[in-house]
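Asks: Predicted model and sequence follow; I will ask about them next.
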Amino acid sequence: MKSERGGINLAAKPSGTGCVECSAAGGWWFHLRRCVECGHIGCCDASPNQHATKHSAATGHPIITSFEPGERWFYDYRTGEAFAGPKLQGPHAHPLDQPVPGPDGAVPPDWHTLLHE
């Protein structure tokens with residue numbers, strides 16, 4: 001099922017609780033983003049590897065939403081606009097006990113100096 005805005009798949013479930021690529025490589029992230037077309041979880045643009053944006057560029061999937069607890073915004077890469085989107089399949093955020101930045105044990109002590117602005 002697709003929403004009226006192209007690039008949103010209401011049936012897509014999150015791919016996990018952390019950035020797919022960072023988890024596979026033993027890396028870390030600052031905040032997480034969810035692709036609303038396929039459910040891919042990637043790290044935000046402030047994170048060292050910016051996997052959410054790289055996923056969008058590689059796949060053409062145009063819309064992300066926050067995967068942070070308490071955040072309910074969507075962003076369309078095509079227009080550069082944030083908007084209020086539809087209710088997606090859960091979970092809607094990483095587990096509350098998952099640290100930010102994360103994952104636990106992979107974040108370097110100087111993490112704040114490694115963020116992109």
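Replies: Arrived safely, thanks for sending.
Asks: Please make it C-alpha for all contacts and neighbour counts, starting now.
Replies: Noted.
Asks: Low-confidence stretches in the chain?
Replies: Where the chain drops to pLDDT under 70, the residues are 1-4.
Asks: tell me the SS of Leu96?
Replies: Assigned by DSSP: H, G, I helix; E, B strand; the rest coil, the conformation of Leu96 is coil.
Asks: now swap in Lys13 and tell me
Replies: coil.
Asks: what does Ser56 give?
Replies: Ser56 ends up helix, using three-state DSSP.
Asks: Kindly report the same for Gly39.
Replies: Gly39 - assigned by three-state DSSP - is coil.
Asks: Can you give me the neighbour number for the nearest residue to it once chain neighbours are set aside?
Replies: Of all residues not flanking Gly39 in the chain, Pro14 sits nearest, at 4.2 Å (C-alpha to C-alpha, 6 or more residues apart in numbering). By the criterion of other C-alpha atoms under 10 Å, Pro14 has 23 neighbours.
Asks: Likewise for Ala46?
Replies: 16.
Asks: hang on, it packs against Leu115?
Replies: Yes: counting by C-alpha atoms under 8 Å, Ala46 does reach Leu115; the two are 5.2 Å apart.
Asks: Start and end of stretch 89-103, how far apart?
Replies: 23 Å (C-alpha to C-alpha, to the nearest Å).
Asks: Report the buried residues of that stretch.
Replies: 92-94, 100-103 (16 or more other C-alpha atoms under 10 Å).
Asks: same thing with stretch 46-57?
Replies: 46-53, 55-56.
Asks: How about stretch 22-31?
Replies: Result for stretch 22-31 [16+ other C-alpha under 10 Å]: buried residues 22-23, 27-31.
Asks: how about the buried residues of stretch 89-103 in JSON lines, adding distance to Gly70?
Replies: Converted to JSON lines, the buried residues of stretch 89-103 look like this (distance: C-alpha to C-alpha, whole Å):
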{"residue": "His92", "distance to Gly70": "9"}
{"residue": "Ala93", "distance to Gly70": "8"}
{"residue": "His94", "distance to Gly70": "10"}
{"residue": "Val100", "distance to Gly70": "13"}
{"residue": "Pro101", "distance to Gly70": "16"}
{"residue": "Gly102", "distance to Gly70": "17"}
{"residue": "Pro103", "distance to Gly70": "19"}
